[in-house]
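any chance you can model this:
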Amino acid sequence: MAPSGPIKIIVRTTPSGPIKIIVRTTPSSLSKKPTCAALSRPTNKPVGTTPSRASRTMLLPPELILICLKIVINAPETKNIFNLLLLNRAYRLFLLPILYRDLHLAGAHFAAFANPKQDRALHSFFLRHLKITGAIDISLKKLRPMTDKATNIVSITLDSITDASSPQDYEEFFVSPPNPKTIQAITIVRCPLVSRPWVIRGLARFENLRILHIDRYDEDAAAITNLMSDLANHIDGVPRIKALLITSNFLAPATLLTSVSAVAPTLEYLSLARTWVSGKALRAMATKLVSLRALDLGGCKKGFETADVVDFVISNAAVNVNAVGGQLKIHVGGCERVCEKELAEKLKGMGKVVGEGFEGEDVMRWLGMQ
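Below you'll find the model as predicted:
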């Protein structure tokens, strides 16, 4: 049975060689996190009863500590090396699901991880969130051996990538996850090759997509509107997108309106921050966003005024099933033609609030995708 509180274990060697384990539980330790001194290489000098500052420490749950205790204590002293191997295996099995759950590859790390000589089958199983950033000197398709087996992956983020890939490599990369229904969040930030129309429209393959963030995309307006139309018409014709972030671009207001309208019925979070969205487009969106909880318009310079935002809120309140009790939050920071103080006063009178801006990672947390 696991202890009710954390325990402190100190592992040390004696001059004669055998490993000794000291277990301490004190009332004061119950308020602290459990710590376990890492096993060190046997030496002729005792390590000491208290781990030094230089000793490596790691946080482990009491259940794993008990397993380690049983392995070391119950085995004969002549098998200490084997015991250490078992401990190492226990640590590895404990840490793998944590270390490879959120995988961020950048630059040289990408090349090392994409080494075809490495078997990534186990890593692929635990992978939930994959993020690739920066300059990489090999093709993205080198990750196929891993992504082909990533049956539990939930999100993919490609951020400012410059690499040796071709548009076809990106197209193949998005086809590689074996179970497209598990992908619920995709973020594309300033990736020129991904912006090719046939690549961007291929994202419609992920029929259970809940969050889509496209940043700094100005290549082909039709590709964006076609993608939204494809996502809206999957299987039963009901869109599943809960959060749409189209940010930092110069797409025409009409393109933004068409894109948002296609998936509007289920949208709870909408960000058009740093775009050219107009007051007319905002008013037209208002009655379509029947589930909206938060709207981010931060950094939109000249497209709309305070009155346009107020009109949006009034029109949206008549149809929004979630805008009850002040739940609708709007962010307008950095909008040159919007007076935040005046807007805050008017929204307060309607039971709404001026909120903060948000990113895709924030929405993932709100929707429980972490």
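
so where's the stretch 151-300 of the chain uncertain?
Low-confidence regions of the stretch 151-300 of the chain, defined by pLDDT under 70, span residues 163-165, 195, 234-239.

Ser310: how many residues sit nearby?
Heads up, residue 310 is Val, not Ser. Per other CB atoms under 10 Å, the neighbour tally for Val310 reads 17. All C-beta atoms are positioned from the backbone trio N, CA, C, and that covers glycine.

what's near enough to touch it?
With contact set as CB atoms under 8 Å, 6 or more residues apart in numbering, Val310 has these partners: 343, 346-347.

wait, a strand at it?
No. Going by DSSP: H, G, I helix; E, B strand; the rest coil, the assignment for Val310 is helix, not a strand.

wait, Gly202 touches Val175, no?
Yes. Proximity of Gly202 to Val175 meets the contact threshold set by CB atoms under 8 Å, at 7.3 Å.

which of these two has more neighbours?
Neighbour count, other CB under 10 Å: between Gly202 and Val175, Gly202 has more, with 20 against 13.

now that one: how far from Leu122?
With distances taken as CB to CB, to the nearest Å, Gly202 is found 28 Å from Leu122.

again with Tyr170
Here the criterion is CB to CB. By it, Tyr170 lies 26 Å from Leu122.

compare those two (neighbour count), which wins?
Remark: of Tyr170 and Leu122, Tyr170 carries more neighbours, 26 against 14, as counted by other CB under 10 Å.

host element of the more buried one?
helix 167-175 (DSSP states H and E).

tell me the domain ranges of this protein?
Using automatic domain parsing, the domain ranges for the chain come out as 8-98, 103-183, 184-189+201-370.

sorry, back to before: in the helix holding Tyr170, what's buried?
For helix 167-175, burial by neighbour count (16 or more other CB atoms under 10 Å) applies to 169-174.

just give the closest residue to Ala262, not the sequence neighbours.
Distance criterion CB to CB, 6 or more residues apart in numbering; nearest residue to Ala262, sequence neighbours excluded, is Met228 at 3.9 Å.

report how many residues lie close to the one you found.
As a burial measure, Met228 scores 25 neighbours (other CB under 10 Å).

swap in Ile186?
Ile186 has 20 neighbours, counted by other CB under 10 Å.

pull the CA atoms of stretch 265-284 into PDB?
Output in PDB follows, covering the C-alpha atoms of stretch 265-284 (Å, rounded to 0.1, in the frame of the first residue of the first chain):
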ATOM      1  CA  PRO A 265     -21.900  27.500 -35.600                       C
ATOM      2  CA  THR A 266     -19.500  25.600 -33.300                       C
ATOM      3  CA  LEU A 267     -16.800  28.300 -32.800                       C
ATOM      4  CA  GLU A 268     -16.200  29.100 -29.100                       C
ATOM      5  CA  TYR A 269     -12.900  31.000 -29.500                       C
ATOM      6  CA  LEU A 270     -12.200  33.300 -32.500                       C
ATOM      7  CA  SER A 271      -9.000  35.300 -33.000                       C
ATOM      8  CA  LEU A 272      -8.600  37.700 -35.900                       C
ATOM      9  CA  ALA A 273      -5.800  39.600 -34.200                       C
ATOM     10  CA  ARG A 274      -3.600  41.800 -36.300                       C
ATOM     11  CA  THR A 275      -5.800  41.500 -39.400                       C
ATOM     12  CA  TRP A 276      -7.700  43.800 -41.700                       C
ATOM     13  CA  VAL A 277     -11.200  42.700 -40.500                       C
ATOM     14  CA  SER A 278     -13.700  45.500 -41.000                       C
ATOM     15  CA  GLY A 279     -16.600  46.800 -39.000                       C
ATOM     16  CA  LYS A 280     -19.000  45.500 -41.700                       C
ATOM     17  CA  ALA A 281     -17.500  42.000 -41.600                       C
ATOM     18  CA  LEU A 282     -17.700  42.000 -37.800                       C
ATOM     19  CA  ARG A 283     -21.400  42.900 -37.800                       C
ATOM     20  CA  ALA A 284     -22.100  40.200 -40.400                       C
END
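
list the buried residues of the helix or strand where the residue nearest to Ala262 lies.
Following DSSP H and E, one finds Met228 within helix 221-232. By neighbour count with 16+ other CB under 10 Å, helix 221-232 contains the buried residues 221, 223-232.

quick one, strands of the stretch 101-250 of the chain?
Along the stretch 101-250 of the chain, the segments classed as strands by DSSP state E, counting those that start in this stretch run 102-106, 129-135, 155-162, 185-189, 211-215, 243-247.

what would these look like in a markdown table with distance to Met146?
Shown next, in a markdown table, are the strands of the stretch 101-250 of the chain (distance: least, CB to CB, whole Å):
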| stretch | distance to Met146 |
| --- | --- |
| strand 102-106 | 9 |
| strand 129-135 | 9 |
| strand 155-162 | 12 |
| strand 185-189 | 17 |
| strand 211-215 | 22 |
| strand 243-247 | 27 |
